[in-house]
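> Sequence and predicted structure are below.
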Amino acid sequence: MISKALGVVAMGLAASIACSGEPPRPAATVPPAATGITATAAAPPAAAPAAAPVTAPVAAAPAGGGAVLAREDTKWGGVVAEVTEFRRKGNTLTAKVRFRNQGTAPAPVEILYPEVYLMDAAAGKKYSALKDDSSTFIAALKPGWKDRWYETIAPAQEMVIWMKFPAPPPEVKAITFQVPGVPPFDDLAIQDS
């Protein structure tokens, strides 16, 4: 029965090769099984070369864009914070921050959104990150949390987070952006959509 099945497979393979116009591939032989049966199969196609490792993180955030509007060192060894978007649209302002680990060791980064804010020193006004109706911050969050994001960033890796604020009035063209663990981004220009 096994030899009959192998014959059917061999005939199907021969018909497939004849129809494709390709030369037959060499067969790979599997060592004999305990019952003394030898099985053969077509060799798998050559594997494509492995792609270069991707350094972009798995983050719960949209892409941060390429332009760096401001950069600061952080309290996390080897990690820099880069503001890649600071855009006012309608009555909200969206901030995107990319954390890049330029060090040689993994760095645990944690952002507590109750400590993130915008400060308009000239008007004496502070803008806290926005929350939804269930008191969850409208920002990149660690699953299971309503008020924070944290992740360990490996060397040469980067992660982007985002957060929403009430928009300052249109006449405010620059403002201070404060993120815990990072010196203030003073006089950060607001991009208008």
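Looks like it arrived, so ask away.

> which residues touch the nearest residue to G78 once chain neighbours are set aside?
With sequence-adjacent residues excluded and distances taken as C-beta to C-beta, 6 or more residues apart in numbering, G78 is closest to G103, at 1.8 Å. To be clear about C-beta, it is placed using only N, CA and C from the backbone, and glycine gets the same treatment. When contacts are counted by C-beta atoms under 8 Å, 6 or more residues apart in numbering, G103 touches G77, G78, V79, P155.

> Just the local confidence number for G103, please.
Per-residue pLDDT puts G103 at 96.

> Shouldn't it be within a helix?
No. Counting by DSSP: H, G, I helix; E, B strand; the rest coil, G103 is located in no helix; its state is coil.

> how about the helices in this protein?
2-20 (DSSP state H).

> Outline the domain layout of it.
Using automatic domain parsing, the domain ranges for the chain come out as 2-42, 70-192.

> which of those sits most buried?
domain 70-192 (a mean of 17; mean count of other C-beta atoms under 10 Å).

> can you list the contacts of G103 in CSV and add pLDDT and distance to K146?
Shown next, in CSV, are the contacts of G103 (pLDDT from 0 to 100; distance: C-beta to C-beta, whole Å):
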residue, pLDDT, distance to K146
G77, 94, 28
G78, 96, 29
V79, 98, 24
P155, 97, 30
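
> Return the member of those nearest to V179.
Checking the contacts of G103 against V179 with C-beta to C-beta, the nearest one is V79 at 11.9 Å.

> can you pull up the bridge partners for the closest one?
When bridges are called by DSSP bridges, V79 pairs up with N101.

> Just list the residues touching it, thanks.
Per C-beta under 8 Å, 6+ apart, neighbours of V79: D73, F99, R100, N101, Q102, G103, A107, V109, I153.

> The domains of the chain: lowest mean pLDDT?
When I compare the domains of the chain, domain 2-42 is least confident, with a mean of 41.

> How confident was the prediction at A56?
33.

> Endpoints of stretch 98-106, how far apart?
One end of stretch 98-106 sits 16 Å from the other (C-alpha to C-alpha, to the nearest Å).

> nope, stretch 183-193 is what I meant
End-to-end for stretch 183-193, by C-alpha to C-alpha: 27 Å.
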